[in-house]
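J.: Predicted model follows, preceded by the sequence.
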Amino acid sequence: MKITNFLIIFIVILSVILGSVNLVHATDLEKNNLIGQTSDVFGIKKIYETKFGGNEWYMNMVNPTIDPRFDPRGVIIPNPDGSWKIQQGQVRMVVYSTEKGTYENTPIPTYSRTQLADQGYMQFSSDWRNFEMTGYVKLNETDGGADDQFTWYGRGGTHNDLNNGCEGSSTKGALHFDGRTQIEKESWHVKYDFSENKQSIPPLLGNWIGFKFIVFNQPGINFDQQVRHEIWIDASNTNHWIKVHSFTDDGFGSGANNCGPAFADNMPITWGGPLATFRADNAIDFDFRYLSVREIQNNPIPVADLDSDGIYDAIDNQNIIATSITLNDSHAVTSDITIHNGAVLTIPAGTTLTITSGNNITIKSGGGLLIESGGTLIVIS
């Protein structure tokens, strides 16, 4: 079916089946680009957009040690290529949600899991709750220990035995040196539960690897909120990210009652914490660069990352349109398209968008599809 003269009929049908559709004049497209940039300050691709007005931290690549929000907890050495090196068996590089002095001089009023879940944070409203942690690492030498991994984590504070270990809650993304990945839940220090351990990439030794750990809350089934965890890897050091592991906690493991009162012993860790930590175990020599922590929304929308055709096709094998875009040339899509709220997909004159057989186009409420005069949309049934 070729849609040209019957555009209005097609849009009305879509709006009835899929939700409201906005036809937007071309001059309004820039106003509807609400999502923002698709890369961070280092040029590293975002998976989810930074929360408007949210907390952000980026590594000072010139001299990280002068940053009051960063504590490497060890000696770090600059490399000639601009990256940094650390040589110790246990690494805990900490990023504070405020500043180190503020964290150390401000008491945490409660460790009750019920109260933390209700207020949404442990120490400050700026605590790391929903976040995307990113870093590049190159493993140069390991001591071969059994617990050998890089681990990014947050949603807690200092891990020690004070207060029954209750400040030491955390949800963790682990990347083992042999390429396995795993999600770890530490209800308190030390009480762990683990997701499946899966082989995701080849061994890490000698290669630059991009590692993202993403955590956010979304509506739950067993609890009001469940926690979504995702691990994304750039295994080729080309800024090409692939989701290799995901896990949802809607009542997993145990241990919350140790820091009661608690809704349930298996309740998810839904609150933010003042520390986000880049951790390594049994890596006696590794390099790192481009560390960052960004606050994202609850249940966030993926960022649109455009290829040469103006379509992103990398998240769960679906074309996600999360920001207003215009096709650069004709394009055939072989999976579903979803246009999110605040985004407009424009098909300009002289270009054709073809939706191949068996695939659908979904326009969320507040999203739009604009077919300019001379543009064509073809849907193959």
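T.: Now that the structure is in, tell me what you want to look at. Residues are numbered from 1 along each chain as shown.

J.: how about the helices of the stretch 101-250 of the chain, start to end?
T.: For the stretch 101-250 of the chain, the helices defined by DSSP state H, counting those that start in this stretch cover 113-119.

J.: Below-threshold pLDDT in it: ranges please.
T.: Applying pLDDT under 70 to the stretch 101-250 of the chain flags no residue at all.

J.: one more time with 80
T.: 145-146 (pLDDT under 80).

J.: can you give me the strands in it?
T.: In the stretch 101-250 of the chain, the strands defined using DSSP state E, counting those that start in this stretch lie at 131-142, 149-156, 170-176, 180-188, 191-194, 198-199, 208-219, 225-234, 242-249.

J.: strands paired with the last one, and their directions?
T.: Just to be clear, that refers to strand 242-249. strand 225-234 (antiparallel) (DSSP bridges).

J.: what's in contact with the partner strand?
T.: For strand 225-234, the external contacting residues (C-beta atoms under 8 Å, 6 or more residues apart in numbering) are 47, 117, 136, 171, 173, 175, 181, 183, 195, 200-201, 209-220, 240-251, 268-270, 298-299. No exception for glycine: its C-beta is placed from N, CA and C like everyone else's.

J.: now do stretch 44-54
T.: 35-40, 56, 130, 132, 134, 210, 212, 214, 216, 230, 232, 239, 241, 243, 290, 292, 294-297, 300-303, 305, 315, 322.

J.: Please save the CA atoms from that stretch in CSV.
T.: Extracted as CSV, the C-alpha positions of stretch 44-54 are listed here (Å, rounded to 0.1, in the frame of the first residue of the first chain):
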residue,chain,number,x,y,z
ILE,A,44,30.4,8.4,24.7
LYS,A,45,26.9,7.3,23.6
LYS,A,46,24.2,7.5,26.2
ILE,A,47,21.7,4.6,26.5
TYR,A,48,19.2,6.7,28.5
GLU,A,49,18.8,10.4,28.6
THR,A,50,20.0,12.4,31.6
LYS,A,51,17.2,13.4,33.9
PHE,A,52,16.3,17.1,33.4
GLY,A,53,18.1,18.9,36.2
GLY,A,54,19.5,15.6,37.4
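
J.: what's the average pLDDT for that stretch?
T.: Mean pLDDT, stretch 44-54: 92.

J.: in that stretch, what's buried?
T.: Neighbour counts using 16 or more other C-beta atoms under 10 Å place 44, 45, 46, 47, 48, 49, 50, 51 of stretch 44-54 among the buried residues.

J.: Would you mind naming the residues that bridge with the fifth one?
T.: To tie it back to what came earlier, the one meant is residue 48. Assigned bridge partners for residue 48, using DSSP bridges, are residue 302.
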